[in-house]
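>>> next come a sequence and a model predicted from it.
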Amino acid sequence: MSLNTHKYSNGEITIIWKPDVCIHSGVCVRGLGGVFDPKRKPWIDMSQSDSEHIMEQIKKCPSGALSYIVNAPNP
């Protein structure tokens, strides 16, 4: 069975969210509420912070529902 995934990108990084894994701890919302807002659709708005802060916050996700990849730079 494959997990439901959503991807959000700002060009520099891509956030991968697996809602089936999320335990709704709220760590992401408390840490970067401008980026992660469950009342908004879509709930992730990467324009609200820089990639470095977003990556640091994602590393704090206790369930692993949020992860990211660094996109390859354009030649």
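Sure thing, it's come through. Residues are numbered from 1 along each chain as shown.
>>> my guess is N71 contacts I15. True?
No. At 11.0 Å, N71 does not count as touching I15 under the criterion of C-beta atoms under 8 Å. Any C-beta I mention is one placed from the backbone N, CA and C, and that applies to glycine too.
>>> the more surrounded of these two?
Using other C-beta atoms under 10 Å as the criterion, N71 and I15 rank with I15 on top: 22 against 13.
>>> helix/strand/coil for the more buried one?
The three-state assignment at I15 reads strand, by DSSP: H, G, I helix; E, B strand; the rest coil.
>>> how about the residue nearest the centre of the chain: what's its closest non-neighbour residue?
Among the residues of the chain, the one closest to the centroid is I15, at 4.4 Å (C-alpha atoms, centre = their mean). Among residues not flanking I15 along the chain, Y8 sits closest, at 4.5 Å (C-beta to C-beta, 6 or more residues apart in numbering).
>>> surely the one you found is within a strand?
Yes. Looking at Y8 with three-state DSSP, it is inside a strand.
>>> how near is it to K60?
Note on Y8: its distance to K60, by C-beta to C-beta, to the nearest Å, is 17 Å.
>>> okay, those two: which has more neighbours?
Y8 (17 against 13).
>>> does that one really touch Q48, like I thought?
No. Applying C-beta under 8 Å as the test, Y8 and Q48 come out as separate, 11.6 Å apart.
>>> done for today, thanks.
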